[in-house]
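Undergrad: Got a predicted model here, sequence first, then my questions.
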2 protein chains.
Amino acid sequence: MYAHRPAGRGSVRTSRGTVALGIDFGGTFTKLGVVDADGRVLVRRSFPTAEAALPEDWLRRVRDEAEQCLSGLRSVRVSGVGAGVPGQVDFQRGFVYNLVNVPGWEKIHLARRLTRTLDLPAVVDNDANAMALGEYRYGAGKGFRHAVFVTLGTGVGGGIVIDGRLHRGAHSMAGEIGHMTLNLRGRRSIMGRGGLEQYVGNRRIAERARRAIRRGRKSLITEMVHGELERIDPRVIAQAARRGDALAIEIFDFVAECLAAAFATITYILQPEAFIVGGGVAQSGKLLFDPLRRHLQERLHPIFYSRLAVLRAALRTDAGVVGAAALVLPQ
Amino acid sequence: MYAHRPAGRGSVRTSRGTVALGIDFGGTFTKLGVVDADGRVLVRRSFPTAEAALPEDWLRRVRDEAEQCLSGLRSVRVSGVGAGVPGQVDFQRGFVYNLVNVPGWEKIHLARRLTRTLDLPAVVDNDANAMALGEYRYGAGKGFRHAVFVTLGTGVGGGIVIDGRLHRGAHSMAGEIGHMTLNLRGRRSIMGRGGLEQYVGNRRIAERARRAIRRGRKSLITEMVHGELERIDPRVIAQAARRGDALAIEIFDFVAECLAAAFATITYILQPEAFIVGGGVAQSGKLLFDPLRRHLQERLHPIFYSRLAVLRAALRTDAGVVGAAALVLPQ
């Protein structure tokens, strides 16, 4: 469908002429971007996923948006389309087993469908893997050979780079850091018991504040949401913490402690050079990273801690699109 | 010191003529073996480590024992000497930072010293890594590309094979599975909090039985050690479990549960094809492996559990020597 050198007005010149289309398939928004070989986003578009959630509709909408993205670009070669999706993927085949929060997406040969729809080579991966790859090549992970990438959100996603390559494991499902056990007899879920996500997922963080307030704990958070406790989310808690609220600070300390325990475990297993942390809660900066480093130091032998960096992800809201494009951009 | 084709009587012929000397440096015994290219041990010797524990004495004793080992072999080429040591090693340099249970071993260039002493190329690694390599090439790990090896003993050692190669991490200290966190607020040690070894190390297993008995729990274990509770060890507990003792069975179930939690975590992070479990407690066979598989199934999503093997290590008491030799044997 797309000529490899699409013509059009208002073109954006790129450094090397090769670009890729990146698709960040989120439960809320689907974002598209044209990304150049240096990881820069030249054009961005997005649509609410709910407007075209079923596979046929989604592919049609993606085709339309992609056309819009690429129409203004001149003198570029589109190397392919990469997609990061929120669920289990067979990377080799570009096959989606299922998407956690998007009904109707089961057993879809997404890579094949994207190629048919867009006439481009397509690669599909788990969204956390795609973000890890983007951050590794173009963001805070540059220069490391061994690094672990973590995205904090409703879920906790992970991507692991070993010896300069994304580690996908035996059946391309590795990197599910959100399901690591933090407590042997902890809360049960379909994924196991006491998983990291059960402690630091956005909903759990908000629940923790609500529970404390309902038990009578005084907190600035209560007035910040005008008593509507359902409106509590990690952003409100971060604001309260910055104003010195004791409960909010405790909650961030607890989140940091849980992450530190998970990072200590991963360090003993894999000994990466760095952890790169992104996603909503990571935007709170020092509020998270100061206690995170402190807890990690307490939980690692100095010979391990002294050789480890803990960094904030750099790509922010573009991470998904850049990562997806990185799946098909030449290195 | 050794001719590459040592002559002598009573020779053992090997399949391809290339052998290596493997040294398994244990806290109790130092074992030496001549291992052929198929991983078979042709000659074995050992000495109590306490008889020659300081580096100078140990090297002299190793030289004498190695001479004995090699003197009877004809028509073989000795490709080198590999040593597995119980402590932190810089693999690239063959440098020992320190050995946990052997005083006097700090900051020793062991590879260099072995080469000088034996006139052979030398490679030094952590003992658990060496065992993992041996089991991977010649034991229960054959045929897998991604496998995790665990040794149960006083400590819990690990070695991780990724894509057919031992993963050593950023500074060759990876694979320290014994220090993974099982409980966020668990028992403290210099390595962190709530580490696996704090639950399934031999001493902890014995302590668990003692504690229950001291609290008044009836058990066959008590009569098996004639009331001398200090004599309880995992072997006695295994014997009691085989005779149907409820406490002993519970303890094995708990050990299995802890290992399952650790394996579930590793599976979500790395997705190996197999876990290979060796060391003392693994010798109890079904007593450990039946509840281990059951707990693992409860703790992993079926999509992960169905693609995973849990196997008993095959090399048994030779594992250390074969693994050490594997460090220098041609593949």
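TA: Noted; the coordinates are in hand.
Undergrad: Next, work out how far apart A:Asp233 and chain B are.
TA: Distance, A:Asp233 to chain B, using CB to the nearest CB, to the nearest Å: 23 Å. Every C-beta, even on glycine, is put in place using the N, C-alpha and C of the backbone.
Undergrad: again, but for A:Val62
TA: Remark: distance between A:Val62 and chain B (CB to the nearest CB) = 27 Å.
Undergrad: Averaged pLDDT, the helix or strand where that residue lies. What do you get?
TA: Using DSSP states H and E, A:Val62 falls within helix A:55-71. The predicted model assigns helix A:55-71 a mean pLDDT of 96.
Undergrad: What are the buried residues along the helix or strand following that helix?
TA: Moving toward the C-terminus from helix A:55-71, the first helix or strand encountered (DSSP H and E) is strand A:77-85. By neighbour count on 16 or more other CB atoms under 10 Å in any protein chain shown, the buried set for strand A:77-85 is A:Val78, A:Ser79, A:Gly80, A:Val81, A:Gly82, A:Ala83, A:Gly84, A:Val85.
Undergrad: circling back: now the helix holding A:Val62 against strand A:77-85, angle please.
TA: Angle of helix A:55-71 versus strand A:77-85, following axes from the mean of the first three to the mean of the last three CA atoms, to 10 degrees, is 140 degrees.
Undergrad: List of residues touching helix A:55-71?
TA: Applying CB atoms under 8 Å, 6 or more residues apart in numbering or on different chains, the external contacts of helix A:55-71 come out as A:1-2, A:6, A:8, A:21, A:23, A:30, A:32-34, A:43-47, A:49, A:51-52, A:78, A:81, A:104-105, A:108, A:113-114, A:117-118.
Undergrad: just how off-centre is it within its chain?
TA: Distance of helix A:55-71 from the chain centroid (CA atoms, centre = their mean, to the nearest Å) equals 22 Å.
Undergrad: Would you mark the buried spots in that helix?
TA: Within helix A:55-71, the residues scored as buried using 16+ other CB under 10 Å are A:Pro55, A:Trp58, A:Leu59, A:Arg61, A:Val62, A:Arg63, A:Glu65, A:Ala66, A:Cys69, A:Leu70.
Undergrad: Give me every residue in the stretch 1-150 of chain A that's in contact range of chain B.
TA: Contact residues (CB under 8 Å from any CB of the partner chain) of the stretch 1-150 of chain A with chain B: A:Gln88, A:Tyr97, A:Arg145, A:His146.
Undergrad: Just those residues: which are in strands?
TA: A:Gln88, A:Tyr97 (DSSP state E).
Undergrad: Identify the residue with the minimum pLDDT among the residues of the stretch 1-150 of chain A next to chain B.
TA: A:Gln88 (87).
Undergrad: who's in contact with the closest residue to that residue other than its chain neighbours?
TA: Of all residues not flanking A:Gln88 in the chain, A:Tyr97 sits nearest, at 4.0 Å (CB to CB, 6 or more residues apart in numbering or on different chains). For A:Tyr97, the contact set (CB under 8 Å, 6+ apart) comprises A:Gly87, A:Gln88, A:Val89, A:Asp90, A:Glu106, A:Lys107, B:Ile303.
Undergrad: same thing with A:Gly26?
TA: By CB under 8 Å, 6+ apart, the contact list for A:Gly26 reads A:Thr49, A:Pro86, A:Asp127, A:Gly320.
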